[in-house]
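Visitor: My questions concern the predicted model and sequence given below.
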Amino acid sequence: MPGKVVEPMSIEPHHDGSLDVTVQQVVRDLSGKLMADSVVHHIYRFDAGCVARMDLAGDE
């Protein structure tokens, strides 16, 4: 199946109110060949209860 699958692994709250969501990301080309399988972080920042920003970071 082509496309990208992003599966949450953990959620860690930070002292500044942001959330660090660790995800397993699998990317396949149109023929289904694996292109990438990695752990990345989605860092969510909030303003007035709504997501104001999302940053991406590698698993370092």
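Guide: In hand now; what should we look at?
Visitor: quick one, what contacts residue 20?
Guide: Contacts for residue 20 were tallied using C-beta atoms under 8 Å, 6 or more residues apart in numbering; they are 11, 12, 13, 14, 41, 42, 43. For the C-beta atoms, the positions are set from N, CA and C on the backbone; glycine is no exception.
Visitor: Only the buried subset of the residues you listed, as a PyMOL command please.
Guide: To isolate the buried subset of these in PyMOL, counting by 16 or more other C-beta atoms under 10 Å, use the following:
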select buried, resi 41+42
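Visitor: Which of the contacts of residue 20 sits closest to residue 54?
Guide: Within the contacts of residue 20, the smallest distance to residue 54 is 5.8 Å, found for residue 42 (C-beta to C-beta).
Visitor: what's the closest non-adjacent residue to the closest one?
Guide: Leaving out its chain neighbours, the residue that sits closest to residue 42 by C-beta to C-beta, 6 or more residues apart in numbering is residue 21, at 4.5 Å.
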